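Student: just need the structure, nothing else, for what follows:
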Amino acid sequence: MLSVLRVHLPSDIPIVGCELTPYVLLRRPDKTVTTDDVPESAPLDGHFLRYKWYRIQSDKKVAVCSVHPSEQATLQCLGCVKAKIPVAKSYHCSPKCFSDAWQHHRVLHDRAASAVNENGNEEEEIFGRYNSSGSGVINASLTGSASSTSLTNGSTPLYPAAVTQRSGGETWFEVGRSKTYTPTADDIGHVLKFECVIVDAETKQPVGHANTILTSRVIPAPSPSPRRLIPVSGADMLGNLQSDGRVSSSGSFTVLSYNILSDSYASSELYSYCPSWALSWPYRRQNLLREIVGYRADIVCLQEVQNDHFEEFFAPELDKHGYQALYKRKTNEVYSGNIHTIDGCATFFRRDRFSHVKKYEVEFNKAAQSLTEVAVQTTQKKAALNRLVKDNVALIVVLEAKFSNQGADNPGKRQLLCVNDMEMLSMLIPSSIWLFFRFMKANTHVNVPQELKDVKIWQVHTLLKGLEKIAASADIPMLVCGDFNSVPGSAPHSLLAMGKVDPMHADLLVDPLAILRPHSKLTHQLPLVSAYSSFLRGVGLGLEQQRRRMDPTTNEPLFTNCTRDFIGTLDYILYTGRFILPESIDSDSLTVESLLELLDEDSLRKDTALPSPEWSSDHIALLAEFRCVPRPRR
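Tutor: Numbering: from 1, shown residues only. Now for the predicted structure:
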């Protein structure tokens, strides 16, 4: 007979808006073991599985720690109460918790006072970390499963009038009848109970005992502070990102570049400082989606997107928000894992602003093979291929803009866009290319070990020469953005930003295959400029504070990647300025603000290392707004 061998949850800490799917191990009548579901509609040997979820509600009110939301609060900050900061932020689980968090916690008091003085009572907008009611967590940016609970949590009403069971000071409410349950705001602070029982298909009666498991208390999903677009033009006021993410000018558009950290890389060994529940993919995917949708960018370029996550989550979810999706996963000549979890680059564009014209796919393995055939001696060809073949790919997509900046002088003029989304990894490198509004946009991710610096430089140079040819043939300017895994001043960054590499650069010393020689060939003619360095050319009182976030030597952000082991800039947005100009950039985030408050690098790494419960990637998303300049008449 069908029997249940084991029931457990991947994470015992449930979070509002994040699906809970228990792992149920079954033994079939033929003694084989499976994790497949056996629903009532398809019984096995006359039996099926019935699931139920309960919310255990105690008569005693429970407060949750604002720093460690899985812990019960034992003390409250009276300063928060006096400052009228949301009450959920005032709770701490221990004196040590409060002491350790004070350096950041005191900033809440200062910002609350400043917000009241300048803008009135805006605490909920500014301090959205752990909403006390949870109402700020469930919104349109979550998946349909979170907002339409009847689809996910079974046909039973979530909060029936009749009490299912009452024992002592506890009341049990039945809240779901499906294997998967999505906690809601009403579950915050309460324990959930999952029940699985084998049922006779004819009598509908349970057979044997029920298998149950209890979760920890449901916690609210952390909500990051809102980010702001900072005008490059130098306006004194720092405007918040508009609620619809749009700008008034029809010739302006926003571009988002974000390495979202593939689930296959998000291991507890690498990110031991991040709570396990915050590293789990069910949580991170919702948090990432909420963040990405919140930017309302016209073009979204994501790196490290797993193949299965693109197909099953990002493509359908962003489709609901008006985005069309394009994707290219890496090849698997080197990759030996599950092909469904291999990552790549995903590019999305708003259907109401662009239409898809054409798509090309390029595999860098073929470029490596061509290079070795021509430039490498026969005896070294095998070693050269082993060094260069990294499953790199490129996706070239041509889009046509549905908005115009050409004016009456150029009626009916087609405005094309080509976006390059390239991801260069230690073993794999996807890429894609965008051309837009008679400009080209490139989004890339380069990640090569230090001992393979020659491969990294070769990849960037190959990319730029290819984009150079496309730009020349189409007479279009370009945007290049992405994670290059190259710090400012490195050879790849110099090649990008300066158009050449100093022949004496230390990075060029690693070149066992002589693929970088002569060094004079490491050039390109694309007049690329960093959008963030353009920010430093602005004027205004408001910009002085923001300049503190930039490195005065390189004119790049102080950092875009922050872990316990590394703090530095790896991500860039570059552009050619013939027909597009940067209007504003977004350099505001929790970690950047923390950098201004902390002088001790060790404290910085301890308190703000990414990923975290609030920010689900180890990278910071880059967001820039550009304005199209009309082309001159010919």
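Student: how does this structure divide into domains?
Tutor: 3-57+170-218, 59-113, 229-237+248-404+436-628 (the TED database).
Student: quick one: low-confidence parts of the stretch 251-400 of the chain?
Tutor: 251, 336, 362, 392 (pLDDT under 70).
Student: where exactly do the helices run in it?
Tutor: Ranges of helices in the stretch 251-400 of the chain, per DSSP state H, counting those that start in this stretch, are 276-279, 281-295, 307-309, 315-319, 364-375, 381-388.
Student: let's have those helices in TSV, adding mean neighbour count and distance to F98.
Tutor: (C-beta placed from N, C-alpha, C; glycine too.) Shown next, in TSV, are these (neighbours: other Cβ atoms under 10 Å; distance: least, Cβ to Cβ, whole Å):
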stretch	mean neighbour count	distance to F98
helix 276-279	20	21
helix 281-295	22	25
helix 307-309	20	38
helix 315-319	17	38
helix 364-375	16	52
helix 381-388	16	53
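Student: switch the ones you listed over to CSV; also include distance to P183.
Tutor: Output for the helices of the stretch 251-400 of the chain, formatted as CSV (distance: least, Cβ to Cβ, whole Å):
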stretch, distance to P183
helix 276-279, 12
helix 281-295, 11
helix 307-309, 21
helix 315-319, 19
helix 364-375, 43
helix 381-388, 48
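Student: tell me which of those helices sits nearest to T32.
Tutor: helix 307-309 (25.2 Å; Cβ to Cβ).
Student: which ones are touching the residue lying closest to L44 once chain neighbours are set aside?
Tutor: Nearest residue to L44, sequence neighbours excluded (Cβ to Cβ, 6 or more residues apart in numbering): V38, at 4.9 Å. Applying Cβ atoms under 8 Å, 6 or more residues apart in numbering, one finds that V38 lies in contact with 2, 26, 44, 47-49.
Student: which SS class is the closest residue to V510 other than its chain neighbours?
Tutor: The spatial neighbour of V510 that comes closest, neighbours along the chain excluded (Cβ to Cβ, 6+ apart), is K453 at 4.4 Å. Following DSSP: H, G, I helix; E, B strand; the rest coil, we place K453 in the helix state.
Student: who are the contact partners of K453?
Tutor: Counting by Cβ under 8 Å, 6+ apart, the residues that K453 touches are 491, 507, 510.
Student: and the first one, what are its phi and psi?
Tutor: Dihedral angles of A491 (phi, psi; degrees, to the nearest 10) stand at phi -60, psi -40.
Student: now do the same for it: its pLDDT.
Tutor: At A491, the model reports a pLDDT of 95.
Student: so it makes contact with P503?
Tutor: No: the pair A491 / P503 is not scored as a contact, 10.6 Å apart, by Cβ atoms under 8 Å.
Student: show me which of the two is the more surrounded one.
Tutor: A491 (25 against 11; other Cβ atoms under 10 Å).
Student: how about the nearest residue to that one, chain neighbours excluded?
Tutor: A491 sits nearest to D507 (Cβ to Cβ, 6+ apart), 3.6 Å away.
Student: make sure that neighbour is actually in contact with V487.
Tutor: No: the pair D507 / V487 is not scored as a contact, 10.7 Å apart, by Cβ under 8 Å.
Student: the more surrounded of these two?
Tutor: The neighbour comparison of D507 against V487 (other Cβ under 10 Å) goes to D507, with 22 against 16.
Student: OK, contacts around the more buried one?
Tutor: 453, 457, 490-492, 501.
Student: which of those residues lies closest to S370?
Tutor: I457 (17.6 Å).
Student: tell me the secondary structure at the closest one.
Tutor: Recorded secondary structure, I457: helix (three-state DSSP).
Student: not counting its neighbours along the chain, what's nearest it?
Tutor: Per Cβ to Cβ, 6+ apart, closest to I457 is A491, 5.1 Å.
Student: measure that neighbour to M478 for me?
Tutor: To M478, A491 is 21 Å away according to Cβ to Cβ, to the nearest Å.
Student: what's the answer for R350, then?
Tutor: Distance from R350 to M478, counting by Cβ to Cβ: 20 Å.
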